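[1] predicted model and sequence follow; I will ask about them next.
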Amino acid sequence: MSSYIKDIRQKIGHRLLQMPSVTIINYDENGRVLFLKHRDTELWVAPGGAVEPCESPADAAVREMWEETGLYVELKGVLGVYGGPEFVVEYSNGDSVSYVMTVFEGSVIDGSLNLVNDESIEGAYFTREEILKLETQPWVRVILADIFSYGAGEPALFKQSEWTPENTKDR
């Protein structure tokens, strides 16, 4: 946890905190996606994490991938931007975070898979069918179809809005 988040948590305790985050989708030569088993929750997720103050989402994505996996990536594009109730994570220490997640595709340009920090206990590449059998955070199910259907050069994906202003049905 960054010193910035520690400072905020001292002020607000475990209350729900809205945070920008990034996730990196890295495909191997067989089209499988890299997932990590998170130490705190023991759930499988794609590499990623919080965007620090004054940090660009792209820099956060490259940094998080390096910190979590030992893989240095070049970002190929934004796969999508997501948020909502499925992106609320409850941590074992009681902290609650609602993430607004920018999902990038990253291509490895250096390094080798090495879980270099204490956040993850295992890492492997999985097919869509294999991911469906893993214990994952709810948000994984939201982005799963998108990460396996995205094509190079396509516009970024996002969940369409369900919100409408009141009293619009009569217009």
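    Yep, that arrived.

[2] for this protein, what spans make up the strands?
    Here the chain has its strands, by DSSP state E, at 17-25, 33-38, 44-45, 48-50, 71-82, 88-90, 96-111, 120-126, 157-158.

[3] list the helices and strands the fifth one packs on?
    Identification of packing neighbours for strand 71-82 by 3 or more Cβ pairs under 8 Å, 6 or more residues apart in numbering; DSSP states H and E yields strand 17-25, helix 57-69, strand 96-111, helix 138-149, strand 157-158. The way it works is simple: take the backbone N, C-alpha and C, and place the C-beta from them, glycine included.

[4] hang on, the earlier thing: make TSV from the strands of the chain and add mean neighbour count, mean pLDDT and distance to residue 148 to it.
    Output for those, formatted as TSV (neighbours: other Cβ atoms under 10 Å; pLDDT from 0 to 100; distance: least, Cβ to Cβ, whole Å):
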stretch	mean neighbour count	mean pLDDT	distance to residue 148
strand 17-25	21	96	9
strand 33-38	21	95	8
strand 44-45	22	94	15
strand 48-50	21	94	17
strand 71-82	18	91	10
strand 88-90	16	91	23
strand 96-111	18	94	12
strand 120-126	15	94	11
strand 157-158	16	61	11
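
[5] wait, which of the ones you listed is closest to residue 144?
    strand 33-38 (9.1 Å; Cβ to Cβ).

[6] between the closest one and helix 57-69, what angle do the directions make?
    If you take axes from the mean of the first three to the mean of the last three Cα atoms, to 10 degrees, strand 33-38 sits at 60 degrees to helix 57-69.

[7] contacting residues for residue 6?
    Not one residue lies near residue 6 by Cβ atoms under 8 Å, 6 or more residues apart in numbering.

[8] how near is it to residue 34?
    Distance, residue 6 to residue 34, using Cβ to Cβ, to the nearest Å: 28 Å.

[9] quick one: residue 19 and residue 50 touch, right?
    Yes. Under the criterion of Cβ atoms under 8 Å, residue 19 makes contact with residue 50 at 5.4 Å.

[10] what's the overlap in contacts for those two?
    By Cβ under 8 Å, 6+ apart, the residues touching both residue 19 and residue 50 are 5, 99.

[11] about what we covered before: tell me which of the strands of the chain lies nearest to residue 138.
    Comparing the strands of the chain by Cβ to Cβ, strand 88-90 comes nearest, at 8.2 Å.

[12] centre of the chain versus that closest one, how much separation?
    Centroid separation between strand 88-90 and its chain, computed with Cα atoms, centre = their mean, to the nearest Å, is 12 Å.

[13] with stretch 115-132 instead?
    From the chain centre to the centre of stretch 115-132 is a distance of 13 Å (Cα atoms, centre = their mean).
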